[in-house]
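*Asks:* The following comprises the amino acid sequence and a computationally predicted model.
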Amino acid sequence: MMRHRWRKFVNALMFGITALCALASVCVLFWILGYLVWNGGRALDLDFFTQLPKPPGETGGGMANAVIGSGQIILVAALIGVPIGFLGGVYLAEFGSGTVPFLIRYTADLLNGVPSIVIGIFAYTLVVVPAKHFSAFAGGVALSIILIPTTLRTTEQFLRAVPQTLREGALALGASKWQAVATVVVPAAIRGVSTGIILGIARIAGETAPLLFTSFSNRYWGTSLNQPTASLPVMIFTYAISPYADWHRQAWAAALLLLAAMLLLNIAARLALSRGSYQRT
Amino acid sequence: MSSAKWTVLTTLAILSFTSCSSAPSTSPSRSESVALINGAGATFPYPIYAKWFDEYHKLHPDIQINYQSIGSGGGIRQLLTGTVDFGASDSPMTDEQLRQAKFKVLHFPTVLGAVVPSYNVPAVTEELKFTPEALTGIMLGTVKKWNDGRIAKANPGVKLPSNDIVTVHRSDGSGTTFVWTDYLSKVSPEWKSKVGSGTSVNWPAGLGAKGNEGVAGLVKQTPYSFGYVELVYAIQNNMAYGRVHNSSGTPVKADLASVTAAAAAAAASMPDDFRVSITNPPGRDAYPIASFTWLLIPGAIPDSAKKSAITGFLRWMLEDGQKMTQQLSYAPLPPEVISKELNAISQIQ
Amino acid sequence: MAGAFSLPERGINEPKRRSFLDRLRSADQLAHVLTMVFAAAILLVVVLLVFELFRNSGESRSKFGWEFFFTSQWDPVAGKFGALPFIYGTLVTSAVALLIAVPLGLGAAVFLAELAPPRVSDALTFVIELLAAVPSVIYGLLAVFALVPLLRDPIQPFLNRTLGFLPLFQGPSYGVGYLAAGVILAIMVVPFVISISRESLLAVPNEQREAALALGATRWESTWYVVVPYARLGIVGSVFLALARALGETMAVTMVIGNTPQIAGSLFAPGYSIAAVIANEFTEATGDLHISALVELGLALFLLTIVINGVARLLVLATTRRGTTHP
């Protein structure tokens, strides 16, 4: 009987310990949020969104150009990455057996695991050096390389999940293959595909390392995609390692903004996904 | 439409809106185009450069000079690769580097600054004095504790703690490092043979931080630490910095007078390419670890808009800009150097 | 599954529409080719990436050869470059990260998959997966201002006092160093361990659990002695994925590792990692040899993460495919 009591004790103990592990992991997120809100909340004022950075040592100023700059870089990345990823995913899902598709899937997975700093080096040698200047475009190229594999895989995944009956129904009605795919299959999968794209964009929005040597940074408004451009993650990094208390304050604000955007996008995407992988439109 | 579609559309709309509001201006409708000049380099003069470029932009709204402080090593590198329009460095380019450059590079001194030994010793409120011997020892790691004899000797009456010294140095290629190690090489044969001078050296001890900003930040946050930073960083961050015994044996604090005195000898005999080192100069009041800092301008600038913007800025910097240096604790250039430089501007093709 | 399905030989359309059909067919070919071209862009990118990495590291590879990976001197002035301090730092920080994250993550995964009610499990998993979305630079920011002071004062001296007989916990406490980097990496990879382990555990067929319970095991015993071993391939896969993530992590590490290219036995000492040195020195590497050495480091990191990711995916695939097959 003692043995039985001991086993019951261990059972309860491990229940407690593992519950603590889970709770600790969850608490980390709330700790991060709380810390950012506490330190950055007050600094997220109107100045932050409307002013340009001030020289070091002077208080005030904002990160308006970085907010817009991040938007520009992400837009370039999306314009390059989404079509390639999407159409590639269509290819894999609809025409997808054989060696070439297998190879493509394999390399997409490889690319997904490459550290972003290595992609930054690549974009530097590919775009910055020949063009002889840093640019938002180079930053966008670097980020698109990160975006393509995730877009490709989620597009393929959700297109495959569309039941065969839908395709066959379309074909039976006389549609050609591409008509069937374009007008029936893709719309059926659009929820999953677009949420996958959103998650991908959310991921690249937070990347810093590839931007360090591609879009560099800029103290002024970026008037062209062909110039160095400020971005939120790079500003956070620069300000965080500096000694100026005012810059720290702004770094917290930028971090809060970035995190809030990430979380909102992620939560919206996941909620949309969880309501079923496909629905009649 | 599903909520996912709405999210996608709104996200794209926001991104497009923000992008279009600052649309590419390849053919500007205004009479003057905005010239964006990109520069990168030294963190040593970053506070004054940032101020200058800001002020100059207010005077000439059509000219934006975007300067990123990534370290002197970075300035030289990006200039040589051609990804920036000008560089900045407190370490003059070596002959080897000038040979590597595929084009001519001109050095233009801008201000005089000082590298100071800053420290964070909680118990000590007095100003510490450092002999060359103490400084060398701390950076070599042979002087390990704050109450080491070599520090105590120069600071009689100060109660120094027995904690270990945490040395902080630059992790990036730095002109400030060059100035500091150049000085140490001059005062210590041991340093010269073991480590040498350069923008990036093989440090025997200590933590690395990025930029003057990083070193200042780390020293400020780490008790019992010691690091070398440009004067303005120590002042702006209310950090303690000590006096250094100069070649005459006087403990001198870095300030306007002592830094100007350091440049006095060099100003009289400034070489034509303006590359000169003023560490450990003669002179009773001279601060021993001072330096010029230079803008590195290509000898030929094909784009005429950029060329006139840069030459215009240089002229303004030498005439009006010099008046702003003192509020940021940099010393202005000696008058002989200024007039020599104004003549040199015409060398830019 | 979706794949090759062919058009009907003869459509239901009248013969006079054959030309239209022909046009449709060639549009199909066009669609096929078009989408294939876009998909093949990935192959092009990867090939180009590997090519560029090889080309730009050429000078360093020919000068140092394999010695590069066993030399510990990193001296830009003398032109001597060795990768050992960075490899050491990368491995040590990743090891510390895994040592913290794997027990924590596995424990949480076990709780979420086995012991918690389904709704609680789903809700908590949702929150934990959000952690994976937090950008690295934000972790870095928190590490600099929250973690480092905590390590410098209460925690590291405490470890020194209690475990100081081990060389791992000796030496001055700066706050920044291998331990700081390891801890923040642990926080960053825990969501991956939890998420994938949980899925692997959930994939274990119920019969296994019920069989154990029928034999009189407690829930914990059934979980630990039956379910977890059954899912071990997936769990190991999650560890490899976490490792791959930790190896390549740049921003958070560079902000707290101390940026000193040395090899030190103590976790309190400052060090350097491959990704961190590239981030710090790339834009200002003076001299082609220096850049070449950095690119070679990048190439090494690239190959390492590919191998580990490959192994990880195989393991995870093996678990989810197993289903009811005998282990």
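*Replies:* Received the coordinates, thanks.
*Asks:* What's the mean pLDDT across stretch C:44-61?
*Replies:* Model confidence over stretch C:44-61 averages 90 on the pLDDT scale.
*Asks:* Please see if whichever helix in chain A runs longest touches chain C.
*Replies:* Ordering each helix of chain A by length in residues (DSSP state H) puts helix A:2-40 first. Yes: Helix A:2-40 lies within reach of chain C by Cβ under 8 Å from any Cβ of the partner chain, at A:7-8, A:10-11, A:14-15, A:17-22, A:24-26, A:28-29, A:32, A:35-36, A:39. The way it works is simple: take the backbone N, C-alpha and C, and place the C-beta from them, glycine included.
*Asks:* And the one helix or strand B:Ile338 maps to, what's buried?
*Replies:* Secondary-structure assignment from DSSP states H and E places B:Ile338 in helix B:335-344. Using 16 or more other Cβ atoms under 10 Å in any protein chain shown as the test for burial, helix B:335-344 gives B:337-338, B:340-341, B:344.
*Asks:* count of residues packed around C:Leu142?
*Replies:* Applying other Cβ atoms under 10 Å in any protein chain shown, we find 26 residues neighbouring C:Leu142.
*Asks:* How is chain C partitioned into domains?
*Replies:* Under the assignment named as automatic domain parsing, the residue ranges that make up the domains of chain C are C:2-56, C:66-320.
*Asks:* Mean neighbour count, the ones you listed: which tops it?
*Replies:* domain C:66-320 (a mean of 21; mean count of other Cβ atoms under 10 Å in any protein chain shown).
*Asks:* Show me how far that one is from its chain's centre.
*Replies:* Average the C-alpha atoms of domain C:66-320, do the same for its chain, and the two points are 8 Å apart (Cα atoms, centre = their mean, to the nearest Å).
*Asks:* so B:Val168 sits in a strand?
*Replies:* Yes: secondary structure assignment (DSSP: H, G, I helix; E, B strand; the rest coil) places B:Val168 inside a strand.
*Asks:* Which positions in the stretch 151-281 of chain A make contact with chain B?
*Replies:* Residues of the stretch 151-281 of chain A lying close to chain B by Cβ under 8 Å from any Cβ are A:190-191, A:194-195, A:197-198, A:201, A:216-228, A:241-244, A:265, A:268-269, A:271-273, A:279, A:281.
*Asks:* contacting residues around residue 217?
*Replies:* Picking chain A for this. Taking Cβ atoms under 8 Å, 6 or more residues apart in numbering or on different chains as the contact definition, A:Ser217 lies against A:228-231, A:234-235, A:238, B:68.
*Asks:* wrong one, chain B
*Replies:* Counting by Cβ under 8 Å, 6+ apart, B:Gly217 makes contact with A:241-243, B:209.
*Asks:* how about a cut-off of 10 Å?
*Replies:* A:240-244, A:247-248, B:168, B:209-211, B:227, B:229, B:233, B:237, C:144 (Cβ atoms under 10 Å, 6 or more residues apart in numbering or on different chains).
*Asks:* now C:Gly177
*Replies:* The contact partners of C:Gly177, taken as Cβ under 10 Å, 6+ apart, are B:207, C:89, C:93, C:148, C:151-152, C:156, C:171, C:256-258, C:260, C:264, C:266-271.
*Asks:* can you tell me which of those residues are in strands?
*Replies:* Among the contacts of C:Gly177, the members found in strands (DSSP state E) are B:Leu207.
*Asks:* Hmm, A:Arg42 is touching A:Trp252, no?
*Replies:* Yes: the pair A:Arg42 and A:Trp252 passes the contact test of Cβ atoms under 10 Å, sitting 9.1 Å apart.
*Asks:* do you know how far the closest residue to chain A within the stretch 51-200 of chain C is from A:Thr229?
*Replies:* Nearest residue of the stretch 51-200 of chain C to chain A, counting by Cβ to the nearest Cβ: C:Pro135, 2.6 Å away. When distances are taken as Cβ to Cβ, to the nearest Å, C:Pro135 and A:Thr229 turn out to be 18 Å apart.
*Asks:* same deal with B:Asn280?
*Replies:* Summarising the geometry, the distance separating B:Asn280 from A:Thr229, computed by Cβ to Cβ, is 43 Å.
*Asks:* Kindly report the same for C:Ser62.
*Replies:* Between C:Ser62 and A:Thr229 the computed distance is 37 Å (Cβ to Cβ).
*Asks:* ditto for B:Ile338
*Replies:* With the distance defined as Cβ to Cβ, B:Ile338 ends up 36 Å from A:Thr229.
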